[in-house]
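>>> What shape does this take:
(2 chains)
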2 protein chains.
Amino acid sequence: MTDIEARAINAIRFLSVDAIQKANSGHPGLPMGAAPMAYVLWSEFLKHNPRNPRWPDRDRFVLSGGHGSMLLYSLLHLTGYDHMTMEQLQLFRQYGSITPGHPESHLTPGVESTTGPLGQGISNSVGMAIAERFLANFFNREGYDIIDHRTWVLASDGDMMEGVTSEAASLAGHLKLGKLNVLYDDNKISLAASTEVSFTEDVKKRFESYGWQVLEVKDGDNDIDGIRKALKAAEQQTARPTLIDIHTTIGFGSPNKSGTSGIHGAPLGPDEVKVTKNNLGWPLEPEFYIPDDAASHYKNALERGGRIEREWKSLFERYREKYPDMARQWDFMWAGSLPAGWENSLPFFSPSDGAIATRKVSGAVINAAAKVIPNLIGGSADLAPSTNTYMKEIAEQQSSNPGGRNIRFGVREHAMGAAVNGMAYHGGVIPFGGTFLTFSDYMRGSVRISALASLHTIWVYTHDSVWLGEDGPTHQSVEHIAALRAIPNLIVIRPADANETVEAWKFALSHKEGPVALIFSRQGLPVIDRSTYAHANNLTKGAYVLSDPPAGGPDILLIATGSEVSLALEAKELIEKKGIKPRVVSMPSWELFEMQPQSYRDEVIPPALKARVVIEAGVRQGWHQYAGEKGRFITQDRFGASAPMKVLKEQFGFTPERVVEEAERAVKGA
Amino acid sequence: MTDIEARAINAIRFLSVDAIQKANSGHPGLPMGAAPMAYVLWSEFLKHNPRNPRWPDRDRFVLSGGHGSMLLYSLLHLTGYDHMTMEQLQLFRQYGSITPGHPESHLTPGVESTTGPLGQGISNSVGMAIAERFLANFFNREGYDIIDHRTWVLASDGDMMEGVTSEAASLAGHLKLGKLNVLYDDNKISLAASTEVSFTEDVKKRFESYGWQVLEVKDGDNDIDGIRKALKAAEQQTARPTLIDIHTTIGFGSPNKSGTSGIHGAPLGPDEVKVTKNNLGWPLEPEFYIPDDAASHYKNALERGGRIEREWKSLFERYREKYPDMARQWDFMWAGSLPAGWENSLPFFSPSDGAIATRKVSGAVINAAAKVIPNLIGGSADLAPSTNTYMKEIAEQQSSNPGGRNIRFGVREHAMGAAVNGMAYHGGVIPFGGTFLTFSDYMRGSVRISALASLHTIWVYTHDSVWLGEDGPTHQSVEHIAALRAIPNLIVIRPADANETVEAWKFALSHKEGPVALIFSRQGLPVIDRSTYAHANNLTKGAYVLSDPPAGGPDILLIATGSEVSLALEAKELIEKKGIKPRVVSMPSWELFEMQPQSYRDEVIPPALKARVVIEAGVRQGWHQYAGEKGRFITQDRFGASAPMKVLKEQFGFTPERVVEEAERAVKGA
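Residues are numbered from 1 along each chain as shown, chains lettered A, B, ... in the order given. Here you go, the predicted model:
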């Protein structure tokens, strides 16, 4: 290690140490231990231009151990990212800064993914590498490799223990993602203790079992050249992903705390900061010190980044001349836009089509959309035949077929979630992932982050209630719609029929601002007659009056979603026979409804009309908001049972007769 | 394979085929392919007594691929479990039967765990094996091995793909659970397709990397002797867990569908049933045919089971004579009882103790309880120092220390959930698992099943809101309490202070009927003065009047939970100064409140009193139920931010002043 290298590495360490000390909160252990590998990667390998953090062909760097955020912020500052000022470093973990406790991609330029919950980052990277490979195949022409970048991950022991990582790594090995390189900061310490107490597996062998190239650097604290060689070897191996097991010392440099869990997640304290600076030959003052030579050394990134982006731009301009259509496609896809008139390809359904499961309609929409939207990419967690998420006539993403858009995620819901997020982080594609609604539980860690990071991901959840029948309560969703609605910034849509399903997909594909969860039925649902009832494009308002009494009234509101809307319509006629005048409201999405002006909401659910019945085959949690104090509920508040759907409808009281009963009660009680 | 063996194996196949055909729904592929291994295991190895499915020292058999439920029901019927009548087989997947689509332990004697969601069963088994080892260490004396049984798992390709399985298998390898044996039904087919399209890792090598013994049976369809030898070798290896990779043909025997995904999850259809029966030399009629010799062959299990349980009983009677105290302890622990007066060991707190985080109080309770409850066992997912779940002065569960009760689950939340469930399924212990509330997302698959199966598990969730501060929104719970409340049969308790925390634990430890989620704060909370305010033991009612105006009123209800209760009390005094008379309601648990009679509920929340303010640092979803139409909310409906808690309280409006403001509005608006 040269002196300048040492200073450059220590600059990362002490920016991190000082920022954490100033905030009196944070995780110094990782930045101190992983600084050498980060230094080598960022100054010699990572293809990026600090002046343009959004350059599409940049390498992606994912700090999977997001608790080491100061490592990343230090690197962004040192290599010259404009927004990452010294002031921001000093505002670490303060309100309104771009230096939050864990990296947030929507907040901080240069942060590629929102990490902290362990396992997410490394699993995102699999999606990033898929997106890169797909786009390279799509756009590149001989002599014009306009997409050609790598995904680098810095992962911690904790990442390696998480199941989502295992799923994602197995998938990456299967797909032979040769441009995916993981630097494993192997320091044998986690938050609570040494990994000896809980984590003694052979990680290298495990990754070999997934089909990865596995390299090792025995002294990641000092052997800069060893790190360099390993990164080089990783770059050269393009036939499969690479894991580099780099042995480091957590909190390197701290005489009393390095190598212990005490330095994982707490500031060093003023005394230990002092002895650590002394120990590594660092001046005690000023804080946030960056030696001039280290500063200018890092700033090479600006020159290097500027140059490689310029070269790329010049290549791209020649590409644009030679392939003008492709270049237009490029602009278009990176903007997240959809081809003009794409909606025209979508089907329309009429009652004469008979009852159709909304999952099947969803499948038809996916297939129609896939033909006109060339960057729609996704799949399901081994449930394609059931979730209807397979795009027929479109190739399958495999190592032998990098242009494929059907992704076989395997029975790996959580990795699917993280990889779909990774594709969205990467950009250039519109990704989706599907499974049974009940198994949204398995991938909730990723769904949450899609909402936090405002990713344009589409979650397709089928078999949406107890009506899936015979598979029984282990597979029957009861609480899942409520649980998804609870996530801020996630739009949940449960369409009532085929045409609402088309509208829901239309919305999801064009809603670039955040994730959408689409909730579909297993069973056939009648197509609502739109010549009699309101148009399905009202779906984007979240709730709308589907049917009103021909004259007078309404005396009562029936508010329903999904499969229960046709039940409400069925009951409507019986209720009318009782001399009661019902309004039927289809309410596919609370979130969209809440975005409407109060006046519209009061039109649909008139505050003065207290007689209301809510019908949804799920827990009633949250429905009081729309039912009001006098409202009544036909909901499914306990776990289901294994039986044919028709039997369950009787048993659980989802019959027209029961709706009539509750409607009469509601009218009396209001 | 002898003729009788073939008939015994085919009996499993065709009971399954016929039941699935009759139900016109189900998964024949697994029972047909795995019948040989199941036959060998159940007739020669599994230690069980069909006459007493609850005999404590029985081997545990877990069908991790729960979709193959007919395999298990067939075995239960054939080996003579009373409840599993022929009629029940014929009622497969019908309402009210004990033969639901996927096995449910609370429904069906002989079913050890509720499976279907893949990965759960095999991960449960790790907890079962831990419980066995712990109890053996606890009870056994020289010459008296009253606990000495194995845990057998039948796992599918899908199980192997799930991340929770990876986590659990890594933990099992670390703990060297030598009595855990997994039979891997390696048929290379999953629901959607051949595993070739998504799952090409080297599973054997992967399990070796975890430290497992790995065996292989190349022809699991025919090589009965090979299966027998492998099971023998598994039994003999007690120093580490064993995986037996048994190659099989999914849907074995079906001429047109075996070896394809078409037979995974759909009935064969009448024609294919016919040719399959012909192919395997099975009579077409009657359906549900069991050859006499096969029937009596299986019934050996009754004789064998009766004998081994009798031997055990006689051993146990001698044990009871020699170790009467231990035998009493045994009765006690298997009944799930707590020692008389155990609550006396719990601490009581007064305001002079200063502000204490409820997670710390929880730690004190766990430590006090651990001293008097010898079978309290659990731990956290690498967060012991933060979740305060470590039992000091109590040993750690490690291979070198099988008596330990502190379990280091590692950064494996989902496996923790499943293993804790496994310990509860096993019985004899009271298990708990802890992590940050936000990471309840990672283990939701298991939490759900704990509720469905009514397990006595205790989930400890700390750092319960945005008030964890600097770690930021990736770690700050906002929607999680709502998401947990949505799960039927799960009791969620968010205590307001130290003494409510003690009461919450008291409830959780004695609530044998189902799981309890305890939600604790990171930050210190003032101890509420119980000499002035209502006693904390009101917590078991879910909500109670903490404070009422001294005379007249109340004019307004302040309803709060957890950390927001002290905010409500603080605001109360300011509100009183405005001439408004507030009632403060502490509402730690919706579920417990809903169990109270209407009269009590109306006492606490008088229907006529419409001026209400709900205060909870989480999404308001569901609170309208208690707030009513005129209620106001101080809730956290968007993601948090990285900043010190005090700043966040200002930014997010959780201040006494804001409460006063909303209270005034509520009074005006009511």
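
>>> Skipping its backbone neighbours, what lies nearest A:G514 in space?
Computed as Cβ to Cβ, 6 or more residues apart in numbering or on different chains, the closest residue to A:G514 that is not its neighbour in sequence is A:S454, at 4.6 Å. For every residue, glycine as well, the C-beta is placed using N, CA and C.

>>> Apologies, that question was intended for A:L452.
Using Cβ to Cβ, 6+ apart, the nearest residue to A:L452 is B:F639, at 5.4 Å.

>>> Longest helix in chain A, please.
Using DSSP state H, we find that the single longest helix of chain A is helix A:300-322.

>>> Pull out the buried residues from that helix.
A:A301, A:R304, A:G305, A:I308, A:E309, A:W312, A:F316, A:Y319, A:R320 (16 or more other Cβ atoms under 10 Å in any protein chain shown).

>>> Let me know the next secondary structure element after it.
Where DSSP states H and E defines the elements, the next helix or strand beyond helix A:300-322 is helix A:324-334.

>>> got the angle for that following helix vs helix A:300-322?
130 degrees (axes from the mean of the first three to the mean of the last three Cα atoms, to 10 degrees).

>>> Excluding chain neighbours, what is closest to the residue of the stretch 51-200 of chain A found nearest chain B?
Chain B sits closest to A:G163 of the stretch 51-200 of chain A, with a gap of 2.4 Å, by Cβ to the nearest Cβ. In space, and not counting its chain neighbours, A:G163 is closest to B:G163: 2.4 Å by Cβ to Cβ, 6+ apart.

>>> Do me a favour and get the end-to-end distance for stretch A:190-210?
24 Å (Cα to Cα, to the nearest Å).

>>> And stretch A:450-462, by the same measure?
End-to-end distance for stretch A:450-462, by Cα to Cα: 19 Å.

>>> list the buried ones in that stretch?
With burial defined by 16+ other Cβ under 10 Å, the residues of stretch A:450-462 counted as buried are A:450-462.

>>> Closest one to B:Q476 out of the residues you listed, please.
Closest approach to B:Q476 among the buried residues of stretch A:450-462 (Cβ to Cβ): A:L452, at 9.9 Å.

>>> about what we covered before: possible to save the buried residues of helix A:300-322 as JSON lines with pLDDT and distance to A:A6?
What follows is the buried residues of helix A:300-322, written out as JSON lines (pLDDT from 0 to 100; distance: Cβ to Cβ, whole Å):
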{"residue": "A:A301", "pLDDT": "90", "distance to A:A6": "18"}
{"residue": "A:R304", "pLDDT": "95", "distance to A:A6": "21"}
{"residue": "A:G305", "pLDDT": "96", "distance to A:A6": "24"}
{"residue": "A:I308", "pLDDT": "97", "distance to A:A6": "27"}
{"residue": "A:E309", "pLDDT": "97", "distance to A:A6": "30"}
{"residue": "A:W312", "pLDDT": "98", "distance to A:A6": "33"}
{"residue": "A:F316", "pLDDT": "98", "distance to A:A6": "39"}
{"residue": "A:Y319", "pLDDT": "98", "distance to A:A6": "42"}
{"residue": "A:R320", "pLDDT": "98", "distance to A:A6": "45"}
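
>>> From the residues you listed, pick the one nearest B:G434.
Nearest to B:G434 among the buried residues of helix A:300-322, counting by Cβ to Cβ, is A:A301 at 42.9 Å.

>>> show me what contacts that closest one?
Contact analysis of A:A301 by Cβ atoms under 8 Å, 6 or more residues apart in numbering or on different chains lists A:W42, A:S43, A:H48, A:P50, A:T79, A:G80.

>>> from memory the second one sits against A:A8, does it?
Pointing back at A:S43 there. Yes - at 7.1 Å, A:S43 and A:A8 qualify as touching, with contact defined as Cβ atoms under 8 Å.

>>> what touches both of those two?
In terms of Cβ under 8 Å, 6+ apart, A:S43 and A:A8 are both contacted by the residues A:H297, A:Y298.
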